[in-house]
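Novice: This is the structure alone, sequence omitted:
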């Protein structure tokens, strides 16, 4: 089974600081790590490889220092890494990113499965995984918490919902996004770390991928970031009590007051 | 302080640190209470190739390096001295085979110990033979192509949980120390059973048991080196393993220091964090300096062993003795800085005091270490004359 895992390098912090003037993330002095959700994607790919054989390829789009994220994935047991890196890709939103990654995946070659983390811890959009499957025109199953069965032709997975779960069977190739309930990522081995140190990382630029220049980078990104801000902490709400019809009346009054 | 570690050494230290923080620290208190053997943590260490650090490459390891072993042991011990000693004791049980095993013995035993599939233990101590190792009573009698072992070993770290044991037994009682020999004994050999598991003050995640040999028949090919080499095997093994015990003590001291610094910054009294008081600061300064001095000694000694310096008895005794005395003092001072909270089991610091104590006792008490050091000094002076 040939598996491609898409990962993102993110700042290691739960409280991302934002430059109020430029509306961009302040990365200075913050260590970079693999997006925690992507660690589960890597681990699941490695487990499937251990069961079915094949190859695990890791892809990331980012600046040259994202090389470190690919090497970390290789130290865990992945076979190869691809760094999608070009100034032309800078400023991509989730649309342009998923278009570019889909282009890179086509270039990497035949695959049976793509796995992504459910979302990145910095942007929290959860759009790039589904975007890639759309650009590649393959089925997607999001929020996967368990792979029940897999063959080289199809896969049956459990998909987490807010309450309960769905069991979905999909033909392959397909794209999964995974949640943290799916596994516990392994710690790398020393032999893996040594291999990762000398592993060759393939860099894919716009020249190699030859993508539609209107769909990449800033100009291929329809999203406009108007303002980024830290929302004010929520103040305690009000709990309405009584019979449901009374509560409904109270609620309507409150909304009216709020509107006025 | 910068110890100018190589890239490989940094990699080992960082990985061991990661294992310590993610896999050891969260379960340290649990195993301290339950006294179960921490197989799940050892499995992680094994999968990360940590057991390969003390085994030559040709037998599946990453090359025997006492420095690498010390770095890993120090990092594990920062989080739990008990879990760390399960690891380090396997190295202790493996060294006699690395140092004195023939090719056949190495091929048979080392690959499984390197992969962590099996754990090793070293058995010399007996109820009446502690510091006086020449008083051992366990005997090995040769009968045809076998030896028959009879006797009792006690206080054996990893005893009962390890699969591969190196056991010292007398093959010729009349010869005293020169009548001892070293044997490889596998768990499951008929006549080889385990006695009681000790209920210990500290390092409670590790197992300490009696080994009982009752007409235990082992193949003659399990003899390490030659008959009569038992004490040489032991002394050379301890020269290799003492930096590891020293590294364990160093890790406990470092771990206690870190917890203390963190605590005094958080603890507010008289309207200020207690870290702002000079009395506290001076304690921290002394603790940190002593830890650093211990580290310099441990690393220097480990590097000497790796460089192939033949006689390291004095230096390894110094490293073991000093680092363990520092571990005891620093952990007690760290507990003091926690005040009344430090005395309570709800806080992690009292465990460091309990774990530190054994490092002054095992693999030669610190009094024995001082004798070794003094004897070496006198010998050296006598040579100069």
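Specialist: Okay, I see it. In this text, all values refer to a predicted model and were calculated from it rather than measured experimentally. Numbering: from 1, shown residues only, chains lettered A, B, ... in the order given.
Novice: from chain B, which residue is nearest to chain A?
Specialist: residue B:49 (3.9 Å; Cβ to the nearest Cβ). C-beta here means a position set from N, CA and C on the backbone, and glycine is covered the same way.
Novice: Please report how far the residue in chain A positioned nearest to chain B lies from residue A:196.
Specialist: Nearest residue of chain A to chain B (Cβ to the nearest Cβ) works out as residue A:190 at 3.9 Å. Look at residue A:190 and residue A:196: by Cβ to Cβ, to the nearest Å, they are 11 Å apart.
Novice: now residue B:332
Specialist: Residue B:332 sits 42 Å away from residue A:196, going by Cβ to Cβ.
Novice: And for residue B:156?
Specialist: Look at residue B:156 and residue A:196: by Cβ to Cβ, they are 39 Å apart.
Novice: go on, residue B:97?
Specialist: For residue B:97, the distance to residue A:196 equals 31 Å [Cβ to Cβ].
Novice: Thought residue A:190 was touching the residue of chain B closest to chain A, still the case?
Specialist: Yes - Residue B:49 is in contact with residue A:190 according to Cβ atoms under 8 Å; the separation is 3.9 Å.
Novice: anything in contact with each of those two?
Specialist: Common neighbours of residue B:49 and residue A:190, counting by Cβ atoms under 8 Å, 6 or more residues apart in numbering or on different chains, are residue B:62.
Novice: Doesn't residue A:30 belong to a helix?
Specialist: No - using DSSP: H, G, I helix; E, B strand; the rest coil, the assignment for residue A:30 is coil, not a helix.
Novice: Any idea how many residues pack against it?
Specialist: Using other Cβ atoms under 10 Å in any protein chain shown, the number of residues around residue A:30 comes to 14.
Novice: and what of residue A:218?
Specialist: Residue A:218 has 12 neighbours, counted by other Cβ under 10 Å.
Novice: roughly how far apart are the closest residue to it other than its chain neighbours and residue A:216?
Specialist: Closest residue to residue A:218 apart from its sequence neighbours, by Cβ to Cβ, 6 or more residues apart in numbering or on different chains: residue A:91 at 3.3 Å. Using Cβ to Cβ, one obtains 9 Å as the distance from residue A:91 to residue A:216.
Novice: More neighbours: the two, which one.
Specialist: Legend: neighbour count by other Cβ under 10 Å for residue A:91 and residue A:216, higher for residue A:216 (23 against 14).
Novice: Confirm that the more buried one sits in a helix.
Specialist: No - counting by three-state DSSP, one finds residue A:216 to be coil, located in no helix.
Novice: I figured the residue nearest to residue A:218 was touching residue A:221, is that so?
Specialist: Yes - using Cβ under 8 Å, residue A:91 makes contact with residue A:221 at a distance of 6.4 Å.
Novice: near chain B, which residues of chain A?
Specialist: Within chain A, the positions near chain B by Cβ under 8 Å from any Cβ of the partner chain are A:186-191, A:193-194, A:197.
Novice: Put the buried members of the residues you listed into a ChimeraX selection.
Specialist: Here is the ChimeraX command that picks out the buried ones among the residues of chain A next to chain B, judged by 16 or more other Cβ atoms under 10 Å in any protein chain shown:
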select /A:186,187,188,189,190,193,194
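Novice: could you dump the residues of chain A next to chain B to CSV with distance to residue B:16?
Specialist: Formatted as CSV, the residues of chain A next to chain B follow (distance: Cβ to Cβ, whole Å):
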residue, distance to residue B:16
A:186, 15
A:187, 10
A:188, 12
A:189, 12
A:190, 10
A:191, 15
A:193, 12
A:194, 15
A:197, 17
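Novice: which one of the residues of chain A next to chain B sits closest to residue B:287?
Specialist: Nearest to residue B:287 out of the residues of chain A next to chain B is residue A:187 (Cβ to Cβ; 30.3 Å).
Novice: Which residue is the nearest non-sequential neighbour of that closest one?
Specialist: residue B:48 (5.4 Å).
Novice: Okay, strands next: where are they in chain A?
Specialist: Taking DSSP state E as the test, the strands found in chain A are A:2-7, A:9-11, A:18-19, A:24-25, A:32-34, A:55-61, A:80-84, A:113-117, A:140-150, A:154-160, A:165-171, A:174-178, A:201-204.
Novice: Now do the helix or strand hosting residue B:25, average pLDDT.
Specialist: With elements taken from DSSP states H and E, the one containing residue B:25 is helix B:25-34. Average pLDDT, helix B:25-34: 97.
Novice: what's it packed up against?
Specialist: Here helix B:25-34 touches helix B:81-100, helix B:349-359, going by 3 or more Cβ pairs under 8 Å, 6 or more residues apart in numbering or on different chains; DSSP states H and E.
Novice: which helices and strands does the shortest one pack with?
Specialist: For helix B:349-359, the helices and strands in contact under the criterion 3+ Cβ pairs under 8 Å, 6+ apart are helix B:25-34, helix B:81-100, helix B:230-266, helix B:313-337.
Novice: Can you tell me, leaving aside adjacent residues, what's nearest to residue 177?
Specialist: The chain I'm using is chain A. Excluding the flanking residues, the one nearest residue A:177 by Cβ to Cβ, 6+ apart is residue A:129, at 4.1 Å.
Novice: other chain: chain B
Specialist: In this structure, residue B:177 finds its nearest non-sequential neighbour in residue B:134, 4.4 Å apart by Cβ to Cβ, 6+ apart.
Novice: how near is the one you found to residue B:202?
Specialist: From residue B:134 across to residue B:202, the span is 29 Å (Cβ to Cβ).
Novice: swap in residue A:147?
Specialist: Residue A:147 sits 43 Å away from residue B:202 when distances are taken as Cβ to Cβ.
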